[in-house]
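Engineer: Here is a sequence with its predicted model. Questions after.
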Amino acid sequence: MREFSPSMMLLPLQYTTRQVQLDMRVLLWRGGAGAKTSHVSSLIAEGRLGKAEEKRFPLVSACHEYFLGEIAEGTSDQTIRSHHYAIRIFYRFVDERGGDLDASNVRMWFKAWVDVLLQRVSRRELKADIAYHQGKSAASVLSRALDVPFISIAKGTRLKKPKKSKKVLGAEADKQNLSETQAFGVDLLDVADSLSFENCIGPLPVMVKLRSTQCSYEFWCGIQPAHLVKAEVEAETQLVGSPKVIRENRAKRSLHPVVADRFRVVNLRVCAEFLIFIAQTGMNRAQAMAVTFGDFRYESWQDGYRVRKYKGRKKGEVEFEIFSEYRPHFERYLLFRKAAFEDGYSNLLFPVFSRKNIPRGAVFNIENMRRFLGSIGRPFLSPQKLRGTRVNWLIRAADDDLLVAQMAQHDVATLHRSYAKPNHQRAAVEWTEYYQGLESALIPAPAPGACETRTPQRADHFEAGTPEPDCRNPAGCLFCLFYRGIESLDYAWSMHSYRVLKRLELSRYQRLGSDELTNAPLMVIERVTDVIREFQGKSECHGEWVQEASARCEEENYHPRWAGFIWMAEAIG
C-alpha cells in the first residue's frame, strides 16, 4: 500500500482557525466522504474506517492534481470548496452502495448518482438548482481529472440546467420593484449614517437607527446585552463584589474598545457602502471587490465625475464613474475606511475586518447585511438586482440602448438578454405613439377605410384575375396591399352598405366577351364579406358593430356615402 503524505491536502487555500484543512485522502477510505470533516482524521488514525482502497488512488490523485491546478490559476476559494463538496457527495453515494471508483466505472456510478439526485428533485427533497450544480461541479472535476471532454462524463445522465420560469411583469410589479429598491437604498444610507467610526468604537451598545421602522437596533459586539446580565438587573441578589467586577470588565470593553472587537459593526458599515457603490457605479460584484484603495481624484464628466487613482505625480486610469450627488458620501466613506483600517491592513477599497485568529484577506461577504435586514423584515437586494435595476432605470431615462450598454460595460445584445426587462408604462407610451403615427399617416381611400400610400400594389394572396388595384375605383382599392380598415361602427356600416350596392350591380351584370373567365362584382362581394367576417371576429365589441350595421341596412338605412348610389340603382331596376 502506498504511503499517503500531506501533499494530498489542499494547503494553498485560506483557512480560519475553526476550519479543517481539505484533505483528498479521505476519499480513499469507505465512509471517509460521509464522515464529519473534523472527525475523519481521527477515525482513519484509529482504524475505524478500515484500510484505504488501493483501487481508488489513481482517480483521487488525479482529482487532487486538478484542484491544485485550479488554485494555481487563481480560481476562487469558494469555487474550489463547492467543487470539493460535490466530489465528496458523489463518493459518499458510492460508499453507501459499497462501490469502488476508478476510471473504468466512474461514468456508470456518475449516471446512477445523477438519477438519484433527479429522483430526490421529483420528490421535492432537493431543489433542482442544487442538484444541477452538484452534478455539474462533480462532472467538471472528473472530466478534467481524466482529461476527457465534459460531455463524456455527463452524456446520458439527463443533467440539464433547470429552466427558470419568468414571472409575468405587470405595471404594479414594476412599481413595486422600484419602491423596494428605494426602500433598500434608504436603509443602506441609514446604516451608513448610524455607523460612523466614532459610533463604532463608542460606548456599547452601538445603535443603528432606521427611518423606515422608526426603531433603533442594538449591537453589543461580543458581550451580553445588559438586560441579560444578572449583575446589571439583579445586582442585590449577587455575591458581594461580583457585580462590581463584572461591571468593570463590561465598562472596559465598552469605554476603551479595541477596534478588532467591533468587527461586526465595522463590516456592516463596509457592506452598506459596498452595496451603495454598486448601485451608483454599475460595477458587478467581482469588479467592485477588486477595486483598491488609493489617492482618488475627480474630473468632471457629463452629470458626474470620472474617478482616477494617482500614484505620486502619475495620472492613473479611470477607475469608475459616479454621479455628482454621490461624491460627498463616497469621500465620507474614505475617511471612515482610513480610520477603521490601519495602514497595510489591506489594499482593497472594501476590505473585511477579520476577527482575532482569522487570517486577513477573507472573501467579502454581504450575508451580514442580508441577515440584519431580514431579521427586522426589511427588503434586501443582491448586487445583481441592484445593477439590473440601475440598468433598466437608465434605459428608460436615456432612451438610448447603445449608451446604456456602454455605461454597463456590455454590448447591446447582452443588455437586452440579461438585464433589460419589460416596462409597461414605456410600452404603453410606445404603442400609443406608434398608432398615433400610423393613423396620422393614413389617407382617405376610395373604398370604405383608409390607405397608407398612393402607389397601388396587388397583395400576394389575391389571384391574378381579381380587380386591378387603383386609387380611383373602390373595388380595386379593396384588393390593394396598402388598404387598411378602421375600427369603428361607421366603417362596418359603410362596408355593409357598399355590399348592398355591389349586389344590385351583380343582379344586372352581363359578360361582354366569351373569353372572360371572371365575375368582377362577385369577387368584390366576396372580398367585402371576408373583410366584414374578419372584422366581426376581432372582439365582442366589433361583433356588436357588425350586427348594428347589418340591422340598419335591413331597414334600408344605408350609409350616406352609398345611399344615393343604392337608390339610383334600385330606380333603374
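Structural biologist: It's in.

Engineer: what about the nearest residue to Pro448 once chain neighbours are set aside, neighbour count?
Structural biologist: Spatial nearest neighbour of Pro448, chain neighbours left out: Ser494 (3.7 Å); criterion: Cβ to Cβ, 6 or more residues apart in numbering. All C-beta atoms are positioned from the backbone trio N, CA, C, and that covers glycine. Neighbour count of Ser494, defined by other Cβ atoms under 10 Å: 21.

Engineer: And the helices in the stretch 101-250 of the chain?
Structural biologist: 106-122, 128-146, 150-154, 171-194, 197-200, 230-233, 242-255 (DSSP state H, counting those that start in this stretch).

Engineer: Pick the most buried one from those.
Structural biologist: Mean neighbour count (mean count of other Cβ atoms under 10 Å) peaks for helix 128-146 among the helices of the stretch 101-250 of the chain, with a mean of 20.

Engineer: chain center to that one: distance?
Structural biologist: In terms of Cα atoms, centre = their mean, to the nearest Å, the centre of helix 128-146 is found 23 Å from the chain centre.

Engineer: Ok, stretch 298-305 next?
Structural biologist: Mean C-alpha position of stretch 298-305 versus that of the full chain (Cα atoms, centre = their mean) differs by 29 Å.

Engineer: longest strand of this protein?
Structural biologist: Assignment by DSSP state E gives strand 314-323 as the longest strand of the chain.

Engineer: burial measure for the residue lying closest to Gly222 once chain neighbours are set aside, as a count.
Structural biologist: In space, Gly222 comes closest to Asp261 once its chain neighbours are excluded; the distance is 5.9 Å by Cβ to Cβ, 6+ apart. The tally of other residues near Asp261 (other Cβ under 10 Å) stands at 17.

Engineer: wait, what's in contact with the residue nearest to Pro448?
Structural biologist: Taking Cβ atoms under 8 Å, 6 or more residues apart in numbering, we find Ser494 in contact with Pro448, His559, Arg561, Trp562.

Engineer: In CSV, please show the C-alpha coordinates belonging to the longest strand of the chain.
Structural biologist: What follows is strand 314-323 as a C-alpha-only set of coordinates in CSV (Å, rounded to 0.1, in the frame of the first residue of the first chain):
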residue,chain,number,x,y,z
LYS,A,314,1.3,59.9,-12.3
LYS,A,315,-2.2,60.2,-13.6
GLY,A,316,-3.9,56.8,-13.3
GLU,A,317,-6.6,55.3,-15.5
VAL,A,318,-10.2,55.9,-14.8
GLU,A,319,-11.3,53.5,-12.0
PHE,A,320,-15.0,54.2,-12.2
GLU,A,321,-17.6,56.9,-12.8
ILE,A,322,-20.0,58.3,-10.2
PHE,A,323,-22.9,60.7,-10.1
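
Engineer: Can you give me the buried ones in it?
Structural biologist: Within strand 314-323, the residues scored as buried using 16 or more other Cβ atoms under 10 Å are Glu319, Phe320, Glu321, Ile322.

Engineer: was I right about Tyr217 contacting Val191?
Structural biologist: No. Applying Cβ atoms under 8 Å, one finds Tyr217 not in contact with Val191, separated by 9.6 Å.

Engineer: on that earlier part again, got the buried residues of strand 314-323 as TSV, with distance to Ala459 columns?
Structural biologist: Rendered in TSV, the data for those read as follows (distance: Cβ to Cβ, whole Å):
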residue	distance to Ala459
Glu319	59
Phe320	56
Glu321	53
Ile322	56
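
Engineer: any chance of the residues you listed in JSON lines, with distance to Glu554 and pLDDT too?
Structural biologist: Shown next, in JSON lines, are the buried residues of strand 314-323 (distance: Cβ to Cβ, whole Å; pLDDT from 0 to 100):
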{"residue": "Glu319", "distance to Glu554": "79", "pLDDT": "79"}
{"residue": "Phe320", "distance to Glu554": "74", "pLDDT": "84"}
{"residue": "Glu321", "distance to Glu554": "71", "pLDDT": "83"}
{"residue": "Ile322", "distance to Glu554": "73", "pLDDT": "85"}
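
Engineer: Sort out which one of the contacts of Ser494 lies nearest Tyr326 for me.
Structural biologist: Within these, the smallest distance to Tyr326 is 60.1 Å, found for Pro448 (Cβ to Cβ).

Engineer: separation between that closest one and Ala549?
Structural biologist: According to Cβ to Cβ, to the nearest Å, Pro448 stands 11 Å off from Ala549.

Engineer: what do these two both touch?
Structural biologist: Shared contacts of Pro448 and Ala549, defined by Cβ under 8 Å, 6+ apart, are found at Met495.

Engineer: what's the spacing between Arg84 and Ala286?
Structural biologist: Just so we're on the same page, residue 84 is His rather than Arg. Here His84 is placed at a distance of 21 Å from Ala286 (Cβ to Cβ).

Engineer: domains of the protein?
Structural biologist: Domain assignment of the chain by automatic domain parsing yields the ranges 6-154, 176-221+257-375, 445-572.

Engineer: before we move on, the earlier item: chain center to the one helix or strand the residue nearest to Pro448 maps to, what's the gap?
Structural biologist: If you go by DSSP states H and E, Ser494 is part of helix 489-507. From the chain centre to the centre of helix 489-507 is a distance of 56 Å (Cα atoms, centre = their mean).

Engineer: avg pLDDT for stretch 375-390?
Structural biologist: Stretch 375-390 comes out with an average pLDDT of 84.

Engineer: Now do it: distance from first to last residue.
Structural biologist: In terms of Cα to Cα, to the nearest Å, the two terminal residues of stretch 375-390 are separated by 26 Å.

Engineer: So what touches it?
Structural biologist: Outside stretch 375-390, the residues within contact range by Cβ under 8 Å, 6+ apart are 177-178, 180-181, 183-184, 187, 210, 212-213, 215, 217, 275, 278-279, 282-285, 288, 366, 369-370, 373-374, 408, 419, 421.

Engineer: In contact with Asn365: list those residues for me.
Structural biologist: Going by Cβ under 8 Å, 6+ apart, Asn365 touches Cys271, Val352.
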